[in-house]
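Student: next one to model:
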Amino acid sequence: MDELRAELLAAFAAELAEHMAGIRQALADAAAGRPVDLREFSRRTHSLKGAARAVDLPATEAAAHAAETILLAAERGERTLDATTLAELRTLADAIEDGARSDTKQEDAPEVAAPASSTGAGRVHVAGRHVERLARSVHDLANHISEQDRIMEMVEVLGAELADMPATQDSELARRIARLVGSTERLRREVGRQRWALDRAAANIERDAERILLLPVATLFEGHERMVRDLAASQGKFAELTMEPIEAEADRRVLQALREPLLHLLRNAISHGIEPPAVRARAGKPEGGTISVLPTTDRGRLNIVIRDDGAGLDPKAIEGRAREAGLIAAGAPTPSRRALYALLFEQGFSTSSTVDEVSGRGIGLSVVAETVRRLHGRVRILPGRPTGTEIRLSVPLALARQALLLVEAGGARHALPAASVDRVLRLTPDAFDRTEGGAVLMLEDEAVPVAELADLLGLPASEAPDGARPAVVIEGSDQRRVLLVDALDDVRSLVVGDPTAVAADLPLIWGTVLLEDGIALVLEPETLLAADSSGPRRRPRIAPATRPVQRTVLVVDDSITTRTLEKSILEAQGYRVLIAVDGLAGLEQLRAGIEPIDLVVADVEMPRMDGFGLLTAIRNDPALQALPVVMMTSRNSPDDIERGLQLGANAYVTKQEFDQGTLISVVQQLV
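Tutor: Numbering: from 1, shown residues only. Below is the predicted model:
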């Protein structure tokens, strides 16, 4: 078995394990009377069916198809998950695994002890979850290294204080102070050298970890030529697949996620696009159809164009089915072609009049759209030139590192994926046209809606000068939007971290990035395109006022990501921020009384002393008991919230509800 086949089977094995775990759990839930997401259940079997077809495992494919048929009937209410149905599904689940095992056992043997090549560069198969854990660990390392700046600042402050000590007549004391000043300076230089070395080592580890996740893009298309021929033959058609070669590499997770969407697109091209030989002959076409795949890479993106020379799109048929399905309201005018074609990606939409293994289930293109959105990409369907259909798909080459446009809005910095940015502009107020739905900007004869980014994020408006404003035009699969911002900062390639620790379940947030002066939130373009907005407004110039007394907030959290984010948000609003790594350190800082503190923002779950312990100590200390305390936690437990409020918390914010506007609003009400 060649190396490419080995990689495909290894990828299929990982996908099989993932989906079978979900299938077994769903069966256990159904048997125990717990609710089961039928749509997710059927999606797993559908995914396995397509993956098995890609690696030519017919027994697994057939069993997955049979299970999918049962689950789709259950979704329609034609069957229930009773004991008989569950027994049948368990048998099919066993058949899925048995088919994969029996068909691959002869081919898997060489992978157990693959020989090294003559150059000594042997191939080692590493579980993807271990590599992804390594990538997360590297990201955490970068966060910890950033704390070296704080240590450097402390050393510099100490050196400055020693140097500013008044002169003394005591010669021994003067000598000791001079030695301390010299030692502090040497320590400062050593910390600087160590920081530089750590930065370099972390960068090398990060680069090497990212390389481990890469696979040749060509593995995504292996074996599809035969599949296209066989599927076309099963429908009495002739079709050939042509593919342009590509030498690039992409993130293994991206390629794995794209396998099923690519299969769906090829199957739809055969079923809906390529006509039977007789029909093609009457149209003056060759009896055999052609499907071409053109993969390219550009600026950190993998772009795939799939074209067929079939019958092409029928706008009237699409509109008719869309109205039947309620996707176009009764009496509503015909949408634009771009919006009309985008309806093909809606769940349950199909123009097929038959239901079989290849088409007609109303699943295929919605799977494509959902997967591409999950990868923070775009997909469009267009009429072919001169005939047929063309689908353009674009996703990042890597999931961790992204090209990002940094912007300022509402007093804070944010990041937008550069691939979603169509253009940047400077706009004057008279550039907009007013409509009933709000302001729009005419771009290429299209009325593109305009919104303030700060409004969409729920942030207070910043002072903006009259005249031209910077703006970003973002685009998705079927629409564009103009976002007015306060400033355009920079375009950088940055590692995007997991947002759940600081902004769980917030649809506008894709992830976080670590900057030299804090953390910025990476915004989700598709959600921004759909977010509600009352439209742009001319923000009034704020007259200069007497500078208010600066308030000090103590942020207590054991997560460097969380406390850095909160510090960045609060400092952007003019607050002075101190930090503590847990409840005990926070209490020591409060009782020391070195600096006046006006408010405490504390996490609940921390080592040594948790947030409840800190809150209790504050309320029991006469010198601190009047201090406002805001509790923050990732656990949305009513019991925890009630306990915190009973102990005397002034506010309780769960991270599932957390956004910058919420935190700022709560703090402003308390100090």
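Student: may I have stretch 15-30 exported as PDB, CA atoms only?
Tutor: The C-alpha coordinates for stretch 15-30 follow below in PDB (Å, rounded to 0.1, in the frame of the first residue of the first chain):
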ATOM      1  CA  GLU A  15     -13.000  10.100  11.600                       C
ATOM      2  CA  LEU A  16     -14.600   6.600  12.200                       C
ATOM      3  CA  ALA A  17     -13.600   6.700  15.800                       C
ATOM      4  CA  GLU A  18     -15.000  10.200  16.300                       C
ATOM      5  CA  HIS A  19     -18.400   9.500  14.700                       C
ATOM      6  CA  MET A  20     -18.800   6.000  16.200                       C
ATOM      7  CA  ALA A  21     -18.300   7.500  19.700                       C
ATOM      8  CA  GLY A  22     -21.100   9.900  19.000                       C
ATOM      9  CA  ILE A  23     -23.300   7.100  17.500                       C
ATOM     10  CA  ARG A  24     -22.800   4.800  20.400                       C
ATOM     11  CA  GLN A  25     -23.600   7.600  22.900                       C
ATOM     12  CA  ALA A  26     -26.800   8.500  21.000                       C
ATOM     13  CA  LEU A  27     -27.900   4.900  21.100                       C
ATOM     14  CA  ALA A  28     -27.200   4.700  24.800                       C
ATOM     15  CA  ASP A  29     -29.200   8.000  25.400                       C
ATOM     16  CA  ALA A  30     -32.100   6.700  23.300                       C
END
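Student: which parts of it are buried?
Tutor: Within stretch 15-30, the residues scored as buried using 16 or more other C-beta atoms under 10 Å are 15-16, 18-20, 22-23, 26-27, 30. The C-beta positions use only the backbone N, C-alpha and C, and glycine is treated the same way.
Student: just those: which are in helices?
Tutor: In helices, defined here by DSSP state H, the members of those are 15-16, 18-20, 22-23, 26-27, 30.
Student: tell me, what residue is most central in this structure?
Tutor: Geometric centre of the chain, nearest residue: residue 510, 4.3 Å, by C-alpha atoms, centre = their mean.
Student: looks to me like it is in a strand.
Tutor: Yes: counting by DSSP: H, G, I helix; E, B strand; the rest coil, one finds residue 510 located in a strand.
Student: low-confidence regions, the stretch 51-200 of the chain specifically.
Tutor: Flagging of the stretch 51-200 of the chain using pLDDT under 70 yields the residue ranges 54, 102-140, 142-150, 168.
Student: that one: helices as residue ranges?
Tutor: 58-75, 83-112, 128-146, 148-163, 171-212 (DSSP state H, counting those that start in this stretch).
Student: tell me the most buried of these?
Tutor: A comparison of the helices of the stretch 51-200 of the chain by mean neighbour count, using mean count of other C-beta atoms under 10 Å, puts helix 58-75 on top with a mean of 20.
Student: quick one: the residue nearest to the centre of the chain and residue 528 touch, right?
Tutor: No: counting by C-beta atoms under 8 Å, residue 528 is not a contact partner of residue 510; they are 10.1 Å apart.
Student: before we move on, back to that, for residue 431, find the nearest of the helices of the stretch 51-200 of the chain.
Tutor: Across the helices of the stretch 51-200 of the chain, residue 431 has its closest neighbour in helix 128-146 (40.5 Å, C-beta to C-beta).
Student: can you name every helix or strand that the helix or strand encompassing residue 664 contacts?
Tutor: Taking DSSP states H and E as the definition, one finds residue 664 inside helix 660-670. If you count contacts as 3 or more C-beta pairs under 8 Å, 6 or more residues apart in numbering; DSSP states H and E, helix 660-670 packs onto helix 560-572, strand 599-603, strand 629-633, strand 651-654.
Student: if we go to 7 Å?
Tutor: With contacts taken as 3 or more C-beta pairs under 7 Å, 6 or more residues apart in numbering; DSSP states H and E, helix 660-670 sits against helix 560-572, strand 651-654.
Student: quick one: contacts of the shortest one?
Tutor: Applying C-beta atoms under 7 Å, 6 or more residues apart in numbering, the set of residues contacting strand 651-654 from outside is 630-633, 636, 641, 644-645, 662-663, 666, 670.
Student: which one in the residues you listed is the model shakiest on?
Tutor: Ranked by pLDDT, these bottom out at residue 636, which scores 56.
Student: quick check: buried residues in the helix holding residue 664?
Tutor: Those would be 660, 663-667, 670, for helix 660-670 by 16+ other C-beta under 10 Å.
Student: circling back: the ones in helices among the buried residues of stretch 15-30 into TSV, with extra columns for pLDDT?
Tutor: Output for these, formatted as TSV (pLDDT from 0 to 100):
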residue	pLDDT
15	78
16	84
18	80
19	84
20	87
22	85
23	90
26	89
27	89
30	88
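Student: can you put the residues you listed in CSV and add distance to residue 79?
Tutor: What follows is these, written out as CSV (distance: C-beta to C-beta, whole Å):
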residue, distance to residue 79
15, 27
16, 25
18, 26
19, 21
20, 22
22, 20
23, 17
26, 15
27, 15
30, 12
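Student: what strands line up against the lengthiest strand in the chain, and which way round?
Tutor: The longest strand of the chain (DSSP state E) is strand 288-298. With DSSP bridges as the test, strand 288-298 is paired with strand 238-243 (parallel), strand 301-308 (antiparallel).
Student: of those, which approaches residue 55 most closely?
Tutor: Residue 55 lies closest, by C-beta to C-beta, to one member of those: strand 238-243, at 16.6 Å.
Student: only alpha carbons, please: show the closest one as PDB.
Tutor: The C-alpha trace of strand 238-243 is given here as PDB (Å, rounded to 0.1, in the frame of the first residue of the first chain):
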ATOM      1  CA  PHE A 238     -20.700   9.200 -18.500                       C
ATOM      2  CA  ALA A 239     -18.500  11.600 -16.600                       C
ATOM      3  CA  GLU A 240     -14.700  12.200 -16.200                       C
ATOM      4  CA  LEU A 241     -13.000  14.100 -13.400                       C
ATOM      5  CA  THR A 242     -10.000  16.300 -14.200                       C
ATOM      6  CA  MET A 243      -7.900  17.900 -11.500                       C
END
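Student: all set now, cheers.
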